[in-house]
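**Student:** Fold the stuff below for me.
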Amino acid sequence: MLPVHENDTKGDLVVKQKATTLERPRWLGNIWVIPAALRQGALLFVASCLAGALNYLYHIILGRMLGPADYGVFSSLVALLLVFSVPASAVQTVVAHYTSSFQAQGHTGGTRALVGSALKRVLFYAAIGTIAIMLASPIIASFLHIGSVTPVLVLGIVFIPWLLSPVANGALQGLQRFNYLGVNMTLGALGRILVGVVLVSAGLGVSGALGGSFASCAVMLLYGLIPLAFLFKEHDAHEINMREIYSYSWRVLLGYASFAILTNTDVILVKHFFAPTEAGYYSAAAAFGKMVLFLPGAIAVVMFPKSSHLYAVGKDAAAILKKSLLCVIALCVPVVIAYFMAPNFLVGLLFGEAYSATVPLVGPLGLAMGLYALGNVLLLYYLSVHSVAFLRVIPASALIQVISLAIFHQTLMQVVVVMMINGLLVLALSEIFCRGLTGRSPLNTCSVNQIVPAKSQDSQN
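**Tutor:** Presented below is the predicted three-dimensional model:
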């Protein structure tokens, strides 16, 4: 049930579903939103490709400016930030889900209350996280074999805008304002390059590189709030049931934490187990792998609010999952093939001859990240339809991966093989326990009377 307080009656609309007589194969489910999804997905895909290219360029520039050892330090801290800031991804997903659900039922007041409450609460938790990172900076620096705690302290400062900016992006995603979302992603990536390169050139090293990430998140937060100004033009009070939102948030947090472990602990553990130069070589290969992982990210971003919308009004969303997975495969396969066919050229072009040891890792690690790209789509889909089965699969897979990497890390290639096997395991267990491709999506059992307060319905009759 949507978490709208019973006194929230202004602007509430009863959703009237129209029957359709269009004949279609039953296995496709409800596909009426697919054309719009493809158009919006194409728009966001172009923006995300531009943002991804800029972010990728940032890593290439830093790889050359910092050298293998310091670039390994930077990559390990960024990977740690991604694990620590799992709540950032969870925040965007939760805000997007309930914004989409509120809009599907006409609860604009619920959206306004949600965004305002999220900004205040996230700022509080971000401040606590920053203090925790700073207090633990000596331990983190020791574990990652970093000679100074300064980059870790800077990491703590980055944590605040890193956690706040997803609130704005989540609201834009839930409202399906994909044009603003695409521009925001591009501006953030551009800000990272401009500020980060200047700071590194000024001699700030790894700390300066992390400063670019601070600038990126700050830009996305400020620009993202501009198109949301309409939400706050009305000052009437609306209340939402935060208990249900918190319950959903914990499920999202578990899923994102597990996925962050799956896609980032390899870099962290390689930095711990291997020499600094070898860790730098692996970080370069991981940069290639992350390109495969993030390239189809726009598909999942567009899919999520649409499958959430369908779930909110009691429709089957399985067709969106199938189409989204096909789009991800179509995007990832050509890139992975290029990694296997021309790794020497790509590594030499982007990182230089100093990273020649990275060459044999590029293709296999790209394949592993392609498998996880499919897993990312599955994660967001099952979260959008409130399926808990996948939330058993992905934490178990993350635990298996960490244990496997702790045991099998004699060579860098052995680490890559563990990543590939575990990627296949995630997809296999998903279909065995969740049947996303062969079954129907879970349906929302809430009736319109449960979703929309009775007083609001009476006022419309």
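**Student:** Tell me the spacing between residue 419 and residue 334.
**Tutor:** Using CB to CB, to the nearest Å, residue 419 is found at 21 Å from residue 334. To be clear about C-beta, it is placed using only N, CA and C from the backbone, and glycine gets the same treatment.
**Student:** From residue 299, how far out is residue 183?
**Tutor:** 19 Å.
**Student:** So for those two, which residue has more residues nearby?
**Tutor:** Comparing residue 183 with residue 299 by other CB atoms under 10 Å, the one with more neighbours is residue 299, at 27 against 19.
**Student:** Surely the more buried one is in contact with residue 321?
**Tutor:** No: with contact defined as CB atoms under 8 Å, residue 299 does not count as touching residue 321 (10.7 Å).
**Student:** joint contacts of these two?
**Tutor:** residue 377 (CB atoms under 8 Å, 6 or more residues apart in numbering).
**Student:** Not counting residues beside it along the chain, what's closest to the residue most central in space within the chain?
**Tutor:** In the chain, the C-alpha nearest the mean C-alpha coordinate belongs to residue 89, at 5.1 Å (CA atoms, centre = their mean). Nearest in space to residue 89, with sequence neighbours left out and distances taken as CB to CB, 6 or more residues apart in numbering, is residue 256 at 4.6 Å.
**Student:** Then residue 365?
**Tutor:** residue 289 is the one closest to residue 365 (CB to CB, 6+ apart), at 4.2 Å.
**Student:** Check which helices and strands the helix or strand hosting the one you found sits against.
**Tutor:** Using DSSP states H and E, residue 289 maps to helix 276-294. Helix 276-294 sits against helix 34-84, helix 242-273, helix 318-341, helix 359-384, helix 412-434, with contacts defined as 3 or more CB pairs under 8 Å, 6 or more residues apart in numbering; DSSP states H and E.
**Student:** swap the cut-off to 10 Å and go again
**Tutor:** Packing contacts for helix 276-294, counted by 3 or more CB pairs under 10 Å, 6 or more residues apart in numbering; DSSP states H and E, involve helix 34-84, helix 242-273, helix 318-341, helix 343-350, helix 359-384, helix 412-434.
**Student:** Just want the angle from that helix to helix 34-84.
**Tutor:** For helix 276-294 against helix 34-84, the angle by axes from the mean of the first three to the mean of the last three CA atoms, to 10 degrees is 160 degrees.
**Student:** Hey, what's the angle from the helix or strand just after helix 276-294 to helix 359-384? Just curious.
**Tutor:** Reading on from helix 276-294 to the C-terminus, the next helix or strand found by DSSP H and E is helix 297-312. Put simply, helix 297-312 runs at 20 degrees to helix 359-384, going by the same axes, to 10 degrees.
**Student:** so who does residue 420 touch?
**Tutor:** 364-365, 367-372 (CB atoms under 10 Å, 6 or more residues apart in numbering).
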